[in-house]
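Asks: need a structure here:
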Amino acid sequence: MSGTESLVEVALRVLNTADPVEKARLGDEVANKWLQGLITQPYDPSQHFTVPDRPARLTNVKLVSPSLMPKLGKAGSLQSRQAIVHSLVHTESWAIDLSWDIIARFGNQEAMPREFFTDFVKVAQDEGRHFSLLAARLEELGSFYGALPAHDGLWDSATATSEDLLARLAVEHCVHEARGLDVLPTTISRFRNGGDNQTADLLEKVIYPEEITHCAAGVKWFKYLCLRSKNLVDESSMVFEEGGARESDRIMEENDEVIQKFHATVRTHFRGPLKPPFNEAARKAAGFGPQWYEPLAVKDVIPE
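Replies: Modelled structure (predicted):
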């Protein structure tokens, strides 16, 4: 890996790596080099690279339509626990690609600031670690990644938003990832009730808190793009900090136009209404309150 390569160049290398284990390892290496300042340039404006429509993937996982996926169960049996963890491993494998794809596909194209790249490098590194930990746990449970069928609905959404960064942020990070925050507490409880505290601890102590920050990255940069389009941000002084109380953050949080834009974007690029119940505490920690998602929700849904 040359020190003269840009982040976008090496992100493409990750996307073109088929083996998910190697993909996670290479992604971690790239992330460390970026965060340590060994990769200095986010992209070279003079160079144009082709981002693959679909990242390289092994063919060892049988893919089926989401409607044909077998029920995962409620973690009461070993078979159910294997199925749930396998599903999570598959999701994280795609999450790695999604993180590097948003860097390679949109960073240069949208002339995003350096902090955008850093945020999604951190997300990508987290997703790679989640994949590795869950894949190892799946093997401890007596199974392996590829033992069960899976679906690629997550990448279908990425394909549908491949020409619009605002839509990608809204659908992948503020809808799909937020849905993960909604269901994870129940999943954790099911593993505990099934006597599998090891998997429950992994989900609760490592994956759950980090997924909140991933959703927060989507919310943050969705707000940024909306306000930048109206010339309401100063590129030189607008700095985001996790947990910070900057005036710019307060202005963005209260900007009704941003929320209305979110509603319009989701209605255009996401099929159907959002499904409650919502994890309001986790969503609030990620930076968006009920006014963002409740108007998009289906009514009278019976909780699972």
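Asks: give the contact list for residue 164.
Replies: Neighbour list for residue 164: residue 269 [criterion: CB atoms under 8 Å, 6 or more residues apart in numbering]. For glycine as for every other residue, the C-beta is placed from the backbone atoms N, C-alpha and C.
Asks: so residue 31 makes contact with residue 124?
Replies: Yes: contact criterion CB atoms under 8 Å: residue 31 and residue 124 qualify, at 6.1 Å.
Asks: For the helix or strand residue 126 falls within, buried residues please.
Replies: Per DSSP states H and E, residue 126 falls inside helix 114-140. Residues of helix 114-140 classed as buried: 116-135, 137-138 (neighbour count, 16 or more other CB atoms under 10 Å).
Asks: Starting from it, tell me the next helix or strand along the chain.
Replies: Following helix 114-140 in sequence order, the next helix or strand is helix 153-160 (DSSP H and E).
Asks: Kindly export that following helix (C-alpha atoms) in PDB.
Replies: Taking C-alpha atoms only, helix 153-160 is exported to PDB below (Å, rounded to 0.1, in the frame of the first residue of the first chain):
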ATOM      1  CA  GLY A 153     -31.700  -6.400   0.600                       C
ATOM      2  CA  LEU A 154     -29.200  -4.000   2.100                       C
ATOM      3  CA  TRP A 155     -27.200  -3.700  -1.100                       C
ATOM      4  CA  ASP A 156     -30.400  -3.400  -3.200                       C
ATOM      5  CA  SER A 157     -31.000  -0.200  -1.200                       C
ATOM      6  CA  ALA A 158     -27.400   0.900  -1.900                       C
ATOM      7  CA  THR A 159     -27.900   0.400  -5.600                       C
ATOM      8  CA  ALA A 160     -31.100   2.400  -5.600                       C
END
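Asks: what does it rub up against?
Replies: 53-54, 66, 91, 94-95, 97-98, 101, 167-168, 171-172, 176, 269-270.
Asks: Mind giving me the ChimeraX command for buried ones among those residues?
Replies: Once 16+ other CB under 10 Å is used to decide burial, the buried members of the contacts of helix 153-160 can be selected in ChimeraX as follows:
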select :91,94,95,97,98,101,167,168,171,172,176,269,270
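Asks: Among the contacts of helix 153-160, which are located in helices?
Replies: 91, 94-95, 97-98, 101, 167-168, 269 (DSSP state H).
Asks: now those as TSV including pLDDT and distance to residue 190?
Replies: Below are these laid out as TSV (pLDDT from 0 to 100; distance: CB to CB, whole Å):
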residue	pLDDT	distance to residue 190
91	95	17
94	95	23
95	95	21
97	97	28
98	97	26
101	97	31
167	97	33
168	97	31
269	94	31
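Asks: nearest to residue 111, of the residues you listed?
Replies: Nearest to residue 111, judged by CB to CB, of the ones in helices among the contacts of helix 153-160 is residue 168 at 15.9 Å.
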